[in-house]
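Undergrad: coordinates only, sequence not included:
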């Protein structure tokens, strides 16, 4: 579990949550916990890096990525994000998620690697209650593992737990609770001749070894490659080869892929304001007051008596930490295993906090289920904000406005070749949730929820970003008006149409098999066709 000394909070501890992407055909929800000097991402589905670009939101301050499920919809953009972070100058990032995270990353070893960045991965296995999995200067993250009951007749082998705890890490330096000597030779597996046959802890360590070689960090980029002795070198791997270049298949993943993680995220305790009246009464000179605001104690002499003045003696009452909850409930099998409200009590008694928001990633029918609604009522205080991403309530909006605009413009050139993307409204209105959630909102890109102090979410787009731009273009296009803005554009389109017309009239041929075939380019080819 990453752990750093928690500093006393000041102005740079003010934080908010920004929605990077919502639930559409193109994107899954991704939210960013935003501090001035640090960002933390929750889920990284396909197109997440592109969503950051579309929203004009930087990624360089990203410190950690948390995943709720090991599905492509939740982590399909992780590999691209890791490489983008490294190329942006980030030297280290933590990645935490359910079992299978290391297997996924190790499986892309042939093309996803950056020597100058360290990626510390942690798999969260079955935890008892809400367990602290991450802590640094800014946030504390607690995880709750949800695995539905398997139907009778279906058997899925369960991944063996790391001894002594529920965290499994790829970094030997990370203080995870596994009671192992992380860097010692004794704790490393003796690789068999074929790494694809490894089991249990040895298989886990082999995957972790690959990931450490994929992202070794600056201190490791000049190190000699890992050498396996002749006896233990598996076929296809030379003695001096790097684990990430292994051509052997990975060991079979033995765990369940149905685990969904719930996350409770708590921010820092906000220090009270400096009280100059109290400082005067204690005889603190003005030149010494800066130390008190920085959390340092000072010694003053009053009437010949020396006294030690601590910061709390001159500060107003501190604000309790605020927090939010992320619930990823894909289907009704997960409702009975949602976090018991009692699991929050130990955390509340240790550090009282204000639960100001819940982010619901709810599958079809979840939000209308009485059991889910009852659970929400027991967990959420009345003033809590509810941000919803659900197939039942989220509209299928255009996520990538600039790309859609280009397709719309090109449809003027050839409406059969270039289709104009269409948006769809939600199946149900969010107002239907008003009788359950006092403050429901549909998760929307650009939504910002202030956490210090907590406020309802509002739309705060960066300069130049317009979420409704495509709707405006579509309305213009529907009226029969051209989206071509300059004479040069109009002339070039007219010239292209004329050339196509001339070619069509001069080249005739008899119908042949394959004339009705259509080639649809995907990925890079859809933007830059060969």
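TA: Okay, I see it. Only a predicted model underlies this, so the values are computations on that prediction, with no experimental measurement involved. Residues are numbered from 1 along each chain as shown.
Undergrad: going forward, measure contacts between C-alpha atoms and count neighbours the same way
TA: Will do.
Undergrad: Reduced to three states, what does residue 372 come out as?
TA: helix (DSSP: H, G, I helix; E, B strand; the rest coil).
Undergrad: Quick check: it vs residue 261, distance?
TA: 16 Å (CA to CA, to the nearest Å).
Undergrad: now the strands for the stretch 401-530 of the chain?
TA: 440-442, 447-450, 458-459 (DSSP state E, counting those that start in this stretch).
Undergrad: could I get those as CSV with distance to residue 393 and mean neighbour count?
TA: CSV is the format used below for the strands of the stretch 401-530 of the chain (distance: least, CA to CA, whole Å; neighbours: other CA atoms under 10 Å):
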stretch, distance to residue 393, mean neighbour count
strand 440-442, 7, 21
strand 447-450, 16, 22
strand 458-459, 18, 14
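Undergrad: And those: which comes nearest residue 316?
TA: Of all these, strand 447-450 sits nearest to residue 316, with 21.7 Å by CA to CA.
Undergrad: Name the spans of the stretch 51-200 of the chain whose pLDDT lies under the cut-off.
TA: The stretch 51-200 of the chain contains residues with pLDDT under 70 at 127, 150-166, 168, 171-193.
Undergrad: Show me where it has its helices.
TA: 72-75, 78-87, 101-107, 200-214 (DSSP state H, counting those that start in this stretch).
Undergrad: Show me what the longest one packs onto, helices and strands only.
TA: The contact analysis (3 or more CA pairs under 8 Å, 6 or more residues apart in numbering; DSSP states H and E) places helix 200-214 against helix 101-107, strand 118-124.
Undergrad: Quick one: residues in contact with the first one.
TA: For helix 101-107, contacts defined as CA atoms under 8 Å, 6 or more residues apart in numbering pick out 70, 79, 121-123, 170, 204, 207-208, 210-211, 244, 250, 253.
Undergrad: of these, closest to residue 480?
TA: residue 79 (42.1 Å).
Undergrad: got a list of what the spatially closest residue to that closest one that is not a sequence neighbour touches?
TA: Closest residue in space to residue 79, ignoring its immediate chain neighbours: residue 112 at 6.5 Å, by CA to CA, 6 or more residues apart in numbering. Contacts for residue 112 (CA under 8 Å, 6+ apart) come out as 79, 83, 214.
Undergrad: My guess is the second one contacts residue 116. True?
TA: No - using CA atoms under 8 Å, residue 83 is not in contact with residue 116, being 10.5 Å away.
Undergrad: if you count what's nearby, which of those two comes out ahead?
TA: With neighbours defined as other CA atoms under 10 Å, residue 83 and residue 116 compare such that residue 116 has more, 21 against 16.
Undergrad: Looking at residue 372 and residue 261, which one has more neighbours?
TA: Between residue 372 and residue 261, residue 261 has the larger neighbour count (other CA under 10 Å), namely 27 against 19.
Undergrad: Which helix or strand contains that one?
TA: Using DSSP states H and E, residue 261 maps to strand 260-266.
Undergrad: The longest helix along the chain - what's its average pLDDT?
TA: Scanning the chain for the helix with the most residues, using DSSP state H, yields helix 487-506. For helix 487-506, the mean per-residue pLDDT is 89.
Undergrad: just stretch 205-222 next, same as before
TA: 85.
Undergrad: Go through that stretch and flag the buried ones.
TA: Going by neighbour count (16 or more other CA atoms under 10 Å), the buried part of stretch 205-222 is 205-217, 220-221.
Undergrad: again, but for stretch 109-119
TA: Neighbour count says stretch 109-119 has 109, 112-119 buried, by 16+ other CA under 10 Å.
Undergrad: what's the spacing between that stretch and its chain's center?
TA: Remark: stretch 109-119 is offset 19 Å from the chain centroid, using CA atoms, centre = their mean, to the nearest Å.
Undergrad: now the end-to-end length of it.
TA: Start-to-end, stretch 109-119 (CA to CA) is 13 Å.
Undergrad: who touches the nearest residue to residue 208 once chain neighbours are set aside in this structure?
TA: Sequence neighbours aside, residue 170 is the residue nearest to residue 208 in space, at 4.4 Å (criterion: CA to CA, 6+ apart). With contact taken as CA under 8 Å, 6+ apart, residue 170 is in contact with 102, 120-122, 205, 207-209, 211-212.
Undergrad: Thank you kindly, that will do.
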